[in-house]
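[1] build me a model:
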Amino acid sequence: MTTLPNAMFPELDVAQLAADELLLVPDHLMLRDGPVTDHAVLVSGHKFRDLGPAEVLAARYPRLVPVRLPGKLLMPGMIDAHHHLTQSFGKSLAYGEPSEIFRRVWVPLESSLDDEFVFLVSKLAALESLRGGFTTVCDAGTRAKGDIGAVAAATREAGLRCVLGLICNDGGNDSSAAERAALKAQAERFLQQWSDDPLVHPSLAISVPEAASDEMLVAVSKLCADARTIFQTHVNEHLASVERSVVQRGMRPLELLAHLGALGPQVLIAHGTLVTPPELNLLRQTDTAVSYNPVASQWKGNAVAPAQMMAALGIRFGLGTDATRSDGFRLMDAAEAAQKLAFGLGIGDASCGGGWTWFDHATHAGAKAIGLGHRIGEIAVGKEADFLIVDIDTPEMCTSVDLTWDLVRLGNRDQITAVFVAGRLRLWQGWPPDWDARTLQRQVSRIAHEAIARAPIQRLHPPAAEHRLLSAANSRTPQ
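    Numbering: from 1, shown residues only. Model (predicted):
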């Protein structure tokens, strides 16, 4: 007779996870230094209140019935350190496109969106993030017209934690004093408006350093330092951007920020793929953080950020999707693979971070990079209860001898049983238990193609079917 695994425990019921207090007993609990067994964690009032050996916690809280999680791992929710929530619905437009597609695709697309559509696509993007194991995203700002509050409302309704960037571009050194004053006032109001929200954390952003005046770069960086939030900007991402900065300002983008004194622990630069050794030293000396976006490099980049070198130098960084695909496990795999292909193979580095490097930077190190390390990123007493329940009783992982590395290389989002943010169940078996995600999906599906069609987008690469025909035509032997 075949005995079913974990048959001694009843099937986990979603109703068990809706309680105000939860004493969770998984087979494996992922702590900062790695996985442990025979441990339990107490979740109460949106935070982790206690953790330790399961027998000890069961005796300490006799009023609570332990929720057994056989075959499951309880791990921190992953952090997406760089996202564009209002671009995610158009991500398939990026396939095969050369770098700097923001000029031909993202600016025209976002500029054509109204508040209602911004809300809908942001909520859909938030759902995608939750389904991919992300409990927090760091949004670098939208160019859509109207109130950025539509993005905030969407992420709050979906239950996703969001560092939300307000773009403060003034166009460069030719902007007027009045334009700069108006932008600074708007930035101050935004930081104040969301300063106490439990899920929305305000941030300021400038698209690229050359899109703002020297005065605005300094002012925005200082505003963020004073407010203890982060200043986001795309830096040294593409050759064209680096060269444009050299032509316009006489310095590379990162050099310009350093020259102005605008770097620091409040700064998160996106990408940083084209960095020189002296620029790595600038990042380290100023404690400036980086979002390492490996899938963006694969899809549309000039290079891969030297993330393993950054780790060795103590440069803070997180992993970001850049609105490519919202799958935390595949992001960790890409982070490791990109390092090995770009740097490891040529020097015989078979490990390229040992697995744990990429897991750490997807969780607690990523939280530090986006300015929330004091609140999220790990299973620890006093931290916000943002976590995943992951099924590891699968054919792929049941024989694991290195669970951390297996999560990086073998983990899949279909193993995510439940997603919690701030102690509340937000996703159960891939879908929210308290709102109709399928209706939202159908709404966005109906209107997305209309929005794409009316935006003045310029694509340089044909769709796959057309490309196949062109390729076949070009490969025919001349008669």
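
[2] which stretches in the stretch 201-350 of the chain count as helices?
    214-227, 239-249, 253-260, 277-286, 294-300, 307-313, 328-339, 345-347 (DSSP state H, counting those that start in this stretch).

[3] now do the residue nearest the centre of the chain against residue 131, distance only.
    Averaging the C-alpha coordinates of the chain gives a centre point, and the residue nearest to it by C-alpha atoms, centre = their mean is residue 80 (1.2 Å). Taking C-beta to C-beta, to the nearest Å as the criterion, residue 80 is separated from residue 131 by 12 Å. Using the backbone N, CA and C atoms, a C-beta is placed for each residue, glycine as well.

[4] check the helices of the stretch 201-350 of the chain for me and report the most buried one.
    Ranked by mean neighbour count, the helices of the stretch 201-350 of the chain are led by helix 328-339 with a mean of 24 (mean count of other C-beta atoms under 10 Å).

[5] what about it, distance to the chain center?
    Using C-alpha atoms, centre = their mean, to the nearest Å, the distance from the centre of helix 328-339 to the centre of the chain it belongs to is 13 Å.

[6] for residue 62, helix, strand, or coil?
    When states are read from DSSP: H, G, I helix; E, B strand; the rest coil, the local structure at residue 62 comes out as coil.

[7] got the phi and psi for it?
    Backbone torsions for residue 62, taken as degrees, to the nearest 10, come to phi -70, psi -20.

[8] go on, residue 428?
    With angles defined as degrees, to the nearest 10, residue 428 shows backbone torsions of phi -130, psi 120.

[9] I'd assumed residue 417 was in contact with it.
    Yes. Contact status for residue 428 versus residue 417: in contact at 7.5 Å, counting by C-beta atoms under 8 Å.

[10] leaving out sequence neighbours, find the closest residue to residue 71.
    Counting by C-beta to C-beta, 6 or more residues apart in numbering, the nearest residue to residue 71 once its immediate chain neighbours are dropped is residue 393, at 2.9 Å.

[11] pull the residues that contact the helix or strand hosting residue 50.
    Secondary-structure assignment from DSSP states H and E places residue 50 in strand 47-53. Contacts of strand 47-53 from elsewhere in the structure, counted by C-beta atoms under 8 Å, 6 or more residues apart in numbering, are 29, 38-43, 57, 60-61, 379-385, 423.

[12] and if we set it to 7 Å?
    The contact list for strand 47-53, computed with C-beta atoms under 7 Å, 6 or more residues apart in numbering, reads 38-43, 57, 379-385, 423.

[13] just stretch 333-353 next, same as before
    Here stretch 333-353 makes contact (C-beta under 7 Å, 6+ apart) with 292, 294-295, 297-298, 304, 306-308, 319, 358, 408-409.

[14] go again with 8 Å.
    The set of residues that contact stretch 333-353 without belonging to it, under C-beta under 8 Å, 6+ apart, is 292, 294-295, 297-298, 303-304, 306-309, 311, 319, 355, 357-358, 361-362, 408-409, 411.

[15] same question, stretch 413-422
    For stretch 413-422, with C-beta under 8 Å, 6+ apart as the criterion, the contacting residues are 12, 14, 17, 43, 46, 72, 77, 130-133, 135-136, 159-161, 198-199, 327-330, 384-392, 394, 397, 425-430.

[16] again, only using 7 Å
    Contacts of stretch 413-422 (C-beta under 7 Å, 6+ apart): 17, 46, 72, 77, 130-133, 135, 159-161, 198-199, 327, 329, 384-392, 394, 425-429.

[17] got a pLDDT number for residue 10?
    With respect to pLDDT, residue 10 has a value of 52.

[18] now swap in residue 102 and tell me
    Here, the pLDDT recorded for residue 102 equals 74.

[19] re earlier: the residue nearest to residue 71: what secondary structure?
    Under the three-state scheme (three-state DSSP), the conformation of residue 393 reads as coil.

[20] same question for the one 4 residues further on.
    When states are read from three-state DSSP, the local structure at residue 397 comes out as coil.

[21] now do it against residue 460, distance only.
    41 Å.

[22] also residue 123?
    Noted for residue 123: a distance of 31 Å to residue 460, by C-beta to C-beta.

[23] so for these two, which residue has more residues nearby?
    Regarding residue 123 and residue 460, a neighbour count based on other C-beta atoms under 10 Å identifies residue 123 as having more, with 25 against 10.

[24] which residue packs closest to the more buried one, ignoring adjacent ones?
    That would be residue 154: by C-beta to C-beta, 6+ apart, it lies 3.9 Å from residue 123.

[25] got the contact list for that neighbour?
    Contact criterion C-beta under 7 Å, 6+ apart gives 119, 122-123, 126 as the residues in contact with residue 154.

[26] dump the residues you listed into CSV; add pLDDT, secondary structure and distance to residue 257 as well.
    Output for these, formatted as CSV (pLDDT from 0 to 100; DSSP: H, G, I helix; E, B strand; the rest coil; distance: C-beta to C-beta, whole Å):
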residue, pLDDT, secondary structure, distance to residue 257
119, 94, helix, 33
122, 95, helix, 29
123, 97, helix, 33
126, 98, helix, 30
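
[27] residue 448 contacts residue 91, doesn't it?
    No. In this structure residue 448 lies outside contact range of residue 91 using C-beta atoms under 7 Å: 10.9 Å.

[28] and stretch 311-327, what's buried?
    Within stretch 311-327, the residues that qualify as buried are 311, 315-327, counting by 16 or more other C-beta atoms under 10 Å.

[29] nearest to residue 223 among these?
    When those are compared for distance to residue 223 (C-beta to C-beta), residue 316 comes out closest, at 20.4 Å.
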